[in-house]
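Colleague: Here you go, sequence then predicted model.
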Amino acid sequence: MREVKKSVPKKDSYGLIRGKPVYTDDIAPRDSLIVKVLRSPHAFARIKSIDTSEALTMSGVELVLTYKDVPRKPITRAGQGYPEPSPYDKFILDEYVRYVGDEVAVVAAKDERTAEEALKKIKVEYDVLEPVLDFEKAEGNPSVIHPEDDIFPQFDIGFDPKRNIAASYEMEIGDVDEIIKECEEDPDCVVVKDRFYTQAQAHVMLEPHASFAYIDMSGRLVIVTSTQTPFHVRRQVSMVLGIPIKDIRVIKPRIGGGFGGKQALHGELIVSLVTWKTKKPAKLVYTRREVFEATYTRHPSRFDVTLAATKDGKLRAIAYDVLWDTGAYGEHALTTLMVAGSKTLPMYNKVDGVRFRGKVVYTNHVPAGAYRGYGAIQGNFALESAMDILAEKLGMDPVELRLKNIIREGETSPIFKIMGEGREGTDMIIKSCKLEQAIRRGAEIINWEKKFRKREKRGSKVKGVGMAIAMQGSGIANIDMGSAIIKLNDDGSFNLLVGATDLGTGSDTILAQIAAEVLGVSTDDIIVYSSDTDLTPFDAGAYASSTTYVSGNAVRIAAEKMKKLIIEEGARKLGLGPEEVEFDGKVIRAKDGSKEVTLKELATVRYYTEDQKQLIADGSFVGPESPPPYAATFVEVEVDTETGKVDVLKYVSILDIGTPINPALARIQAEGGAVQGIGMALYEDVKYSSSGKLLTNNLMYYKIPSRLDVPDIHVEFLESYEPTGPFGAKSVAEIGIDTPPAAIANAVYDAIGVRIKSLPLTPEKVFFAMKK
Amino acid sequence: MKIKVKVNGEWKEWEIDPSDYLLDVLRREGYLSVKRACDTGTCGACTVLVDGFPALSCSVLAATMDGHEITTAEGIADEMEEYIKALASEGAEQCGFCSPGLMVMVYALKKEIENGKVEKNEEAVKRYLIGNLCRCSGYLGQQRAIFKFLGVK
Amino acid sequence: MALRILEYVRPKTLEEAFELLQNEGAEILGGTTYARLSSRTIKLAIDLQDVGISDIYEEDGYIVVGAMARLANMQFHDLIMNYANGYLYDAISYVWSVQLRNIATVGGTVVPKWGFSDFITAVLALSTEVEFYKAGRMKLEDFLENPTPRKDIMTKLLIKKEPRKASFKFMRNSVYDFSIVNAALSAKEEEGKLVDWRVAVGARPGVAALSRKAMEVLNEGYDDEHIERAVNAMKEELKFADDFRWSGEYRKEVAGVLVKKAIGEVIG
């Protein structure tokens, strides 16, 4: 391998670091109307009356929209493939507002100050309703968050809005209650039952959500937006505004991070509406406060986990009862819930019974949506904490307990078939799995045997070690498709056109590396253009750890076709048959060495002089399966027993991601994921007021890890090859985030014997738990 | 009101509103490396040099800058070629949104180390850069590049 | 939501600034750092950068810090770095970020009596005074405990140069945060003894305050038994309250830990 397994700098790195104007807000037309949104001050209310007349008379105000001015068409903003597994429960603007921050009205004005002044002039009378702010009291609450009758799911997702249920799901393999009962009665068995909570983590991508729209010379609507899913945006805008798909173009420029937060639609519908009505360019850039209060969070959760095992550590049954808080709208309600099972339960595939029961409830909080590691991280915290509790009860080393029960190469799990994302999954035999090696290697590096339960003291501080394992997927099998086009230029370089969406991860570069490897050329000779619905072929988008595996396979296929074309055309030029020549990336040469033509010569003559044609090839790929990457994470913490403060001293994560196409970028993904997971475990606390207003709504109060909070992180990729992936690759985007919460909570227990079952592990929480 | 400011070595005269923050004025005038990300003086994406010292342009009123000298990432990028290479080879710029502000800080840090104000060690470098948040990289790749560029052993 | 300023002036003298301030709706621009979060309107914003109160110098046994000196100027000033073993240099170095310390002024930090301030706690633990243009000079604790002089301009912070040993402690979860609670202590070295103890605790979440009871106990002695009594006296005397992030009870317990550690450091 020449171009893959190589740390090529990102193609956009120089421009990005130098601060070139490449993000949505940088390139918006200078004469764009500035769009601002009036947001609800109430957690739940009905708009009794709304008077926009004064705002409309202000000089410089172009347009004011309320629910009366927009089509009443239910949608989901989830940014998923069609038909979406999320309920159509949202309107662009509605007479009900369902959380503090929900959209009440839209203003478009000549500048920001005028737009803001105009917002103040809109008079709204609210009929304030009793909000549902505790997700454990949402089901069947007399306050019904979605009382309207015109909302619906695309297919059965367990949708029951009159009981505040957005989705629900159940499955069972074996008779789990029976196994648990047996184990409870059997002195040679152990049963663990425990409850865990996770919080509404915020994505905090540095670039706030931004989009603008304009009408092009032929009257079509062009939307430029900081999105992970340009094709879904096009479809959704078309559906809601009734503009044909052919009249919409969506372009994603460089975007400043996403982490799932830009999978969904945010400002796109609003700027489209403004531009379509006024025929003028319009721009909406969220403030950071709006990003916190009015986009999405991770789904908060409650897990009741039951584990049953024999005394020698063989897991017999796992049962989850899950309650999931989707906030005011049900974007990703079912999929995130199901992933809590489908991306954790198969790790322990030797059980006799496994059950998953989950309900997703509506509350009057900021809606939840997709966030890196969705479902998996919540499930991982619960399951891997419970495994630690079980190990203690068994008197067994937690490392040994994992090794006894984990999935291995050549094995399968019935979960793969039963649980997918939003619907049934697909059967899969695991073709690459270095989980066992990862556990052994991680234990060695952290020095597990010397440290576990040793509780080394230093003044008021005590050290502890903990571990957790995880699995993810690589794209959504049989659903999400990626495609690519490669065309040859007259200098022998190639344009690679992909629908895939680089959110800063470097996927444009990684896809170029894959094409270059197939074609035998340098990555520099692949010019990538991505994420433009007019010019690039379809791609579902950057989510679910899909780009390297799904889009990468599409690129591989297109490049293989291109290579075949080059050989055919080269052979023809040489007057030989295709089997008589070979192509080394530069030259097409007769195998007997008698004659040759360079790629550049061939490309030039095919453009201008001989049998002129454009050499062009395409590839599409939809994964027949979603091969999981794996991680084993070991941490060493130090807990200050006087204050409850937890410091992570060392963080070791051993990963099986198949072939790392670009090891430097893979490493950054793993490290960055780990730090986001550490943030969720220790720092990122979410607080609401008693009336349902998000209080942690800026970066002063919502603390993402700073560089001084980041421990010594050791990331290592094991030699692994996934035969279904491009050059053996699986995914790396999400796997790194899953393990920190459980590993850290387990390490805290190891240090001080106190089990924290709700995230984050703030010093205050640890302190009072120690006092108990 | 009018202000005169020297931006990246060139005197400019701008018409501003007294309520304008420096960040918004700079972006309006085309200095788009200066990013608006947190609005509350925390993330460092809007960092510029004022009279040679790093400051948060989101928290400085433009009116107070009359007569002062401002340097943005655009003004130092050519001098920072070696740093840009180091960061790019780690892939640590990732989405890049925090990168220009960070580059301004690293530029200032290099000067502070040369002046003996900041010690040349890992801890001191991290403390100097604490006000530059990054959500993609987890900081470590950035730091590998920065330590290399500054010669921190 | 943004701060609205109708008119901006930059007077050349304190007299001029003071006169302008007497206008209705006129305000001194402090550090402007947190102004972005407010949606107030200031009719006349007075910028003091040209009135000559930015210097740091020594005078009559005091380190004098102009109210318009930036926290970073103060942090790196020789007088500060060499005073009490660099105690204030250290304390200031943990205030938010370099970029903020380069724009936040001493006056802009002290006058609003920010509860979260580490800086106020740190200077309160020394013999510190503040000077206002009209109201004149007063002890920092008197300034903090009484209503702020209205329509007046803080001109100086004055730290008495005396042989003090001091310690500043804070509790945070993320290092890059406001302190959950902070504590600063100092004592004067006199003939091999530590006298005139000062114990300040801030971010309770109210603004820093002295625990005079703890100071009394420590002035009697600082053996283990006195230390224990001082810590308890502080916990009893000072008010700790909840805010939306941390509970008063937690703050109180941790304040005890910090004060005890700080005493230990001062004793050496």
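Modeller: Received, thanks. Numbers count the residues shown, from 1 in each chain, chains lettered A, B, ... in the order given.

Colleague: can you give me the strands for chain B?
Modeller: Using DSSP state E, the strands found in chain B span residues B:2-7, B:10-15, B:47-50, B:53-56, B:69-71.

Colleague: can you list these in TSV and add distance to A:Asn495, mean pLDDT and mean neighbour count?
Modeller: Yep, even glycine has a C-beta here, placed from its N, CA and C like the rest. Compiled in TSV, these are given as follows (distance: least, C-beta to C-beta, whole Å; pLDDT from 0 to 100; neighbours: other C-beta atoms under 10 Å in any protein chain shown):
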stretch	distance to A:Asn495	mean pLDDT	mean neighbour count
strand B:2-7	38	98	17
strand B:10-15	38	98	11
strand B:47-50	37	98	26
strand B:53-56	41	97	28
strand B:69-71	38	98	20
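
Colleague: A:Phe621: which of the ones you listed is closest?
Modeller: Minimum separation from A:Phe621 across these (C-beta to C-beta) falls at strand B:47-50, 42.2 Å.

Colleague: That closest one close to chain C?
Modeller: Yes: using C-beta under 8 Å from any C-beta of the partner chain, strand B:47-50 reaches chain C at B:Thr47, B:Val50.

Colleague: mind listing what that strand pairs with, with the direction of each?
Modeller: Using DSSP bridges, the strands paired with strand B:47-50 in its sheet are strand B:53-56 (antiparallel), strand B:69-71 (antiparallel).

Colleague: okay if I get those strands as a markdown table plus distance to A:Ala617?
Modeller: Shown next, in a markdown table, are the strands paired with strand B:47-50 (distance: least, C-beta to C-beta, whole Å):
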| stretch | distance to A:Ala617 |
| --- | --- |
| strand B:53-56 | 50 |
| strand B:69-71 | 48 |
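
Colleague: Identify whichever of the strands of chain B lies nearest to A:Ile122.
Modeller: Per C-beta to C-beta, nearest to A:Ile122 of those: strand B:10-15, 29.6 Å.

Colleague: and the angle for that closest one with strand B:2-7?
Modeller: Between strand B:10-15 and strand B:2-7, the angle comes out at 150 degrees (axes from the mean of the first three to the mean of the last three C-alpha atoms, to 10 degrees).

Colleague: that older thread, for the strands of chain B, give me a markdown table that also has distance to C:Phe168.
Modeller: Shown next, in a markdown table, are the strands of chain B (distance: least, C-beta to C-beta, whole Å):
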| stretch | distance to C:Phe168 |
| --- | --- |
| strand B:2-7 | 37 |
| strand B:10-15 | 42 |
| strand B:47-50 | 27 |
| strand B:53-56 | 24 |
| strand B:69-71 | 33 |
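
Colleague: how about those, which one is nearest C:Asp223?
Modeller: Among the strands of chain B, strand B:53-56 comes nearest to C:Asp223, with 46.6 Å by C-beta to C-beta.

Colleague: low pLDDT regions in the chain?
Modeller: Chain wasn't specified; assuming chain A. For chain A, applying pLDDT under 70 flags no range at all.

Colleague: Chain C is the one I meant
Modeller: The model of chain C has pLDDT under 70 over residues C:1, C:31-37.

Colleague: With adjacent residues omitted, what lies nearest to the residue of it found nearest chain B?
Modeller: For chain C, the residue closest to chain B is C:Ser97, as judged by C-beta to the nearest C-beta, at 2.4 Å. Once flanking residues are discounted, C:Ser97 sits nearest to B:Gly131: 2.4 Å by C-beta to C-beta, 6 or more residues apart in numbering or on different chains.

Colleague: A:Tyr214 now?
Modeller: Spatial nearest neighbour of A:Tyr214, chain neighbours left out: A:Pro281 (3.9 Å); criterion: C-beta to C-beta, 6+ apart.

Colleague: these two touch, right, the one you found and A:Leu221?
Modeller: No: with contact defined as C-beta atoms under 8 Å, A:Pro281 and A:Leu221 do not form a contacting pair (10.9 Å).

Colleague: Where is the longest helix in chain B?
Modeller: Secondary structure of chain B per DSSP state H: the longest helix is helix B:99-114.

Colleague: cool, chain C as well?
Modeller: Taking DSSP H as the assignment, the helix of chain C that covers the most residues is helix C:248-267.

Colleague: That one - contacts with which helices or strands?
Modeller: Packing partners of helix C:248-267 (3 or more C-beta pairs under 8 Å, 6 or more residues apart in numbering or on different chains; DSSP states H and E): helix A:763-771, strand C:164-171, strand C:181-190, strand C:193-202, helix C:224-237.

Colleague: list the contacts for C:Ile92?
Modeller: When contacts are counted by C-beta atoms under 8 Å, 6 or more residues apart in numbering or on different chains, C:Ile92 touches C:Leu71, C:Ala72, C:Met74, C:Gln75, C:Ile80, C:Arg101, C:Phe119, C:Ala122.

Colleague: can we see that at 10 Å?
Modeller: Neighbour list for C:Ile92: C:71-72, C:74-76, C:80, C:101, C:104, C:106, C:109, C:118-119, C:122-123, C:168 [criterion: C-beta atoms under 10 Å, 6 or more residues apart in numbering or on different chains].

Colleague: and the residue of the stretch 251-400 of chain A nearest chain B?
Modeller: Going by C-beta to the nearest C-beta, chain B is nearest to A:Gly256 of the stretch 251-400 of chain A, at 3.1 Å.

Colleague: how many other residues sit next to the closest residue in space to that residue that isn't next to it in sequence?
Modeller: Spatial nearest neighbour of A:Gly256, chain neighbours left out: A:Glu207 (2.3 Å); criterion: C-beta to C-beta, 6+ apart. Neighbours of A:Glu207 under the rule other C-beta atoms under 10 Å in any protein chain shown: 29.

Colleague: so A:Glu207 touches A:Thr225, yeah?
Modeller: No: with contact defined as C-beta atoms under 10 Å, A:Glu207 does not count as touching A:Thr225 (11.4 Å).

Colleague: Need the residues touching each of these two.
Modeller: Common neighbours of A:Glu207 and A:Thr225, using C-beta under 10 Å, 6+ apart, are A:Thr24, A:Ile255, A:Lys262.
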